[in-house]
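Engineer: below are the sequence and a predicted model for it; my questions follow.
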Number of protein chains: 2
Amino acid sequence: MVDAHPATVGDRLIDALLAAGVDHVFGIPGDYTLQLNKRVEERMQFVGTLDEQGAGFAADAYARLRGLGCVMVTWGVGGLKLVNSTAQAWAESSPVVVVSGAPGIAERADDPLLHHRVKGFDTQRRVMEQVTALTVELDDPATAPERIALAIATALRRQKPVYIEIPRDVVSMPAPPLPVIPPERPADPALVADAVADAISVIRAASRPVIIAGIQVARLGLQAELDALARATGFPVAESLLGKSAVGSYHDWCIGVYAGALSTDAVRERVESSDCVLVLGARLTDLNTGMFTVNVSQSQSILAHPEALTVHRRSYPGVGLREIMHALTAEFPESSSPVDHPAPQPKATFNPTPGAPLGIASAFSSMRHHLGIGQTVLADPGDALFGSTMLDTEESGFIATGFYASLGFAVPGALGAGLARPDRRPVVIVGDGAFQMTGMEIAATARWGVHPVVIVLNNDGYGTERPMLDGGFNDIPALQYAALPKYLGFGVGVRADTEVAFDMALRGALADTSQLRLIEAIIPRHDVSPVLTRLTDALGQRARSDTERPQS
Amino acid sequence: MVDAHPATVGDRLIDALLAAGVDHVFGIPGDYTLQLNKRVEERMQFVGTLDEQGAGFAADAYARLRGLGCVMVTWGVGGLKLVNSTAQAWAESSPVVVVSGAPGIAERADDPLLHHRVKGFDTQRRVMEQVTALTVELDDPATAPERIALAIATALRRQKPVYIEIPRDVVSMPAPPLPVIPPERPADPALVADAVADAISVIRAASRPVIIAGIQVARLGLQAELDALARATGFPVAESLLGKSAVGSYHDWCIGVYAGALSTDAVRERVESSDCVLVLGARLTDLNTGMFTVNVSQSQSILAHPEALTVHRRSYPGVGLREIMHALTAEFPESSSPVDHPAPQPKATFNPTPGAPLGIASAFSSMRHHLGIGQTVLADPGDALFGSTMLDTEESGFIATGFYASLGFAVPGALGAGLARPDRRPVVIVGDGAFQMTGMEIAATARWGVHPVVIVLNNDGYGTERPMLDGGFNDIPALQYAALPKYLGFGVGVRADTEVAFDMALRGALADTSQLRLIEAIIPRHDVSPVLTRLTDALGQRARSDTERPQS
């Protein structure tokens, strides 16, 4: 039997992506990828962005909501622009498949100086090794499907980015089917049983248990288990900063974000007075711990990581978050009577004061009033992120770069979020400095039918840095952000410098889902949120002590 | 004797940069660099851009004109955005010093998850090793000056980028003076004498010698020698594509760009009919050779590279371009009578046809008429570059990425060029696709007092790729480029879709040196220059043959 049109390496890659739920591929074409772009366009949506950086960030946001994302670029001038966004995906455990075209195997004979080449033909792959969990080169059609499958399985298992490089003359070569990657060997049941028994006896002995839900709960798809556990036990659940929206603010058992000194007093008191803190999939990064101000003793904690459990000071390597969550939901079935049930959080309201100039606190009060339901809120680093810790958001309704903290993620992230979850409108909160980096990607959102609300917090420069050490280097060009839609030729821009104007602009923006709505919020230059003040005090103290050391 | 304010590691870095002629440092601040930013701002100009990518490209352009450039960013989210621009600097032999802040040595104890961290504290340095000639970490104030000096000497000698990483707690530590780096051991005089004698006898035996001047002539500062040699011998000089403006079009002995099939018939005929082609510092890249269509036999060539000479098929490793240029200018003193002197090139004129719609050919005819004197012309890849090969430009008056070919270089490059050579106005020629990547950096040019003319060739997408393989992936959002100055709040934008309108807009822009002048040139979607047609025919043929292989 002869197949007139045998499946090619390119087809196998697309098969594998589609099977993993990836319908959209973000990227910029180049002559080393055109054949692949053509095939992708025939079977998926190829979503062009303005710059590769935007494509990388969009794929990251998409991966966080869909479980896998893909960015596809050309060799050198494309792939090497993706190092930062891929590093972010590594740091923030986002499973992004980076696909790069490359010169054909045949055209590499005689080691020619082909355009986009740096040192050798392997330079880009060597770079990508530093920021991914696995790199593969599809240099042989016979092994290509196996490598594709392994790369995608690795991204999914490890929740990390991977890299696939395809020489352009391999794309159309016939290839065997994708193999089935066998599941990982499960943890030793006896070890799991011991660990679980230990954890449960500690939990049952405690009088005021509390749960901290981290980012891995969302990444490993354990939100239903956590929901069941919280309802069965009545344990209040705080979210880590990185893990915000791992559970969602609208559950009555969700008490808000806990991140040491960054948290509200109420959340801090509740967590730090607990005699059993069950930390589920949270990472102890500097921002996540309020610059290491978390005040929870290990002797009162159960720490469940993706691949290890620690009960007080007893470690159980190999017993993962997934196993412990399954065991706990079995131990505490939903019929259990609730204990220690926190009062439902009142939904905040905001009444703007006529004539009052806008400030960062009032801007976030207004946002807290209006935002949350039916939206994906994307917060860029800085006060956009810190202020956003106060917002109520739906489960998986909040996306930020809370550890890697790369400015400029949120606007292109809105493109990825809007395509991954078209039922939720993206709302971007971004500083003026970050907006200048990637804000033009709103042109891509319009092209692909995504209509975000973009709130630019214009405080005239890098406001997060001013309290640490100020100088001309923290200034940026003053742009007319509200005028940008006119330049783009679509959407509506509004400038708001009073509480009333901002609140009205936000209401108007939310009421109009048909187009981009950009709100330029004028924030006084040195006005920072209380959360940021606490953080920059900590950071500035460190920076100053560094400076003074040699003189002391 | 006690020095109350001993010089610090930061001071030594600034000393070394200033000594190498670097007055401007491009970058974006971050909390790991603030101390360094402060010191730089006190003694140099810290030139903020909108995004790190822009800073990297600006530093590259600056390096090409000043002999050294510097970009300074924070760790991770800053440095990892510079991989592409640094790769370009490697590929195009541009001596850029990449300086990155980093977490302090003291704060790395216990291996904490500090913000911006990827895998380890060495991730960024490992990445940068792949695209630089040397990476150094200033982790010890005692050795820091030595490492700074070595890094800068390496950048200058090898004409390649280098990487310097400074933990933030080291910046203010006292440091010893910068050492003097001894000069490199000169080539063996006997070997040089043999090589030179061989080359000279070949040249003297030839009847129609011609010179091809490459990029290394400019990088190694050998333009005066080449000028003297051309005037003494009367040999016509063609420039390579990468080396355009290595000599400058206004010398009567300069015959234009030679790049195989990309060249004009006249240049091609003159070069390919020569019995002695003296190739000085040109690299045999694909674009530089018109996709390997150069028709010059090695048995009729003398190839002088920075570190090796080849006379016909006889190689002299270690005899560099510098040695051979010195020897040739000594052999042919200026009193020699000129031979085979080409006629001066007539300066092109252009008379726009009333009512005629603008096309790529007429746009470049107008530019050829008006551009050149007193300007640095920066051409982005694609037809902006290929069309520009026809422009007359001053010595060092043309900047492009003719090998690495990274879209988006030209606008931020204009910032670097304008500050490096304030006596010459930057004129940018850029496609619409490339402009969408980095065009917003014109906001940085205005901030720093640089007022370029920016010509956006708007052909509605990635026009260079359409002839190779077209599809929706080559489309981009349609923006109102001419309206951009209104959004920015400065400059003048004009849209031109006829020959007359474009010619008038260009005259008007050149007459007004007080501000940004942006010209949106409307080019029909499939209108490409004859040069690009020749190139894409070659590239497309290759791409199609890749596709068809499995079916054949």
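Structural biologist: On my side now, so go ahead.

Engineer: now do the buried residues in the helix or strand hosting A:Asp15.
Structural biologist: In this assignment (DSSP states H and E), A:Asp15 forms part of helix A:9-19. With burial defined by 16 or more other C-beta atoms under 10 Å in any protein chain shown, the residues of helix A:9-19 counted as buried are A:Val9, A:Gly10, A:Asp11, A:Arg12, A:Leu13, A:Ile14, A:Asp15, A:Ala16, A:Leu17. The way it works is simple: take the backbone N, C-alpha and C, and place the C-beta from them, glycine included.

Engineer: likewise for stretch A:514-525?
Structural biologist: A:Leu516, A:Arg517, A:Leu518, A:Ile519, A:Glu520, A:Ala521, A:Ile522, A:Ile523.

Engineer: for whichever residue of the stretch 251-400 of chain A sits closest to chain B, which non-adjacent residue is spatially closest?
Structural biologist: When scored by C-beta to the nearest C-beta, the stretch 251-400 of chain A has A:Thr285 as its residue closest to chain B, at 3.9 Å. The spatially closest residue to A:Thr285, leaving aside those adjacent along the chain, is B:Leu113, at 3.9 Å (C-beta to C-beta, 6 or more residues apart in numbering or on different chains).

Engineer: ditto for A:Pro6
Structural biologist: A:Pro174 (3.8 Å).

Engineer: now do the contacts for the one you found.
Structural biologist: Each residue near A:Pro174 by C-beta atoms under 8 Å, 6 or more residues apart in numbering or on different chains is listed here: A:Pro6, A:Ala7, A:Thr8, A:Pro141, B:Pro550.

Engineer: the buried residues of stretch A:514-525 also near chain B: which ones?
Structural biologist: Filtering those for proximity to chain B by C-beta under 8 Å from any C-beta of the partner chain leaves nothing.

Engineer: got these as TSV, with secondary structure and pLDDT columns?
Structural biologist: Formatted as TSV, these follow (DSSP: H, G, I helix; E, B strand; the rest coil; pLDDT from 0 to 100):
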residue	secondary structure	pLDDT
A:Leu516	coil	98
A:Arg517	strand	98
A:Leu518	strand	98
A:Ile519	strand	98
A:Glu520	strand	98
A:Ala521	strand	98
A:Ile522	strand	98
A:Ile523	coil	97
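
Engineer: quick check: of those, which lies closest to A:Gly493?
Structural biologist: A:Leu518 (4.3 Å; C-beta to C-beta).

Engineer: tell me the bridge partners for that closest one.
Structural biologist: Applying DSSP bridges to A:Leu518 yields these beta-bridge partners: A:Val454, A:Gly493.

Engineer: what are the bridge partners for the closest residue to A:Ala400 other than its chain neighbours, then?
Structural biologist: Nearest residue to A:Ala400, sequence neighbours excluded (C-beta to C-beta, 6+ apart): A:Ala379, at 4.4 Å. On the basis of DSSP bridges, A:Ala379 is bridged to A:Ala400, A:Ile429.

Engineer: A:Ala379 touches A:Leu407, doesn't it?
Structural biologist: No: applying C-beta atoms under 8 Å as the test, A:Ala379 and A:Leu407 come out as separate, 11.5 Å apart.

Engineer: on that earlier part again, if we check chain B, which of the buried residues of helix A:9-19 are in contact?
Structural biologist: Near chain B, by the rule C-beta under 8 Å from any C-beta, you find none of the buried residues of helix A:9-19.

Engineer: any low-confidence regions in the stretch 201-350 of chain A?
Structural biologist: Residues of the stretch 201-350 of chain A that meet the criterion pLDDT under 70 lie in A:335-347.

Engineer: all helices for it, in order.
Structural biologist: Along the stretch 201-350 of chain A, counting by DSSP state H, counting those that start in this stretch, helices occupy A:215-219, A:223-233, A:265-272, A:321-331.

Engineer: for A:Ala63, find the nearest of these.
Structural biologist: So among those, helix A:215-219 is nearest, using C-beta to C-beta, at 9.4 Å.

Engineer: what residues sit buried inside the helix or strand that contains A:Ala361?
Structural biologist: Element membership for A:Ala361, per DSSP H and E: helix A:360-370. In terms of neighbour count (16+ other C-beta under 10 Å), helix A:360-370 has its buried residues at A:Ile360, A:Ser362, A:Ala363, A:Phe364, A:Ser365, A:Ser366, A:Met367, A:Arg368, A:His369, A:His370.
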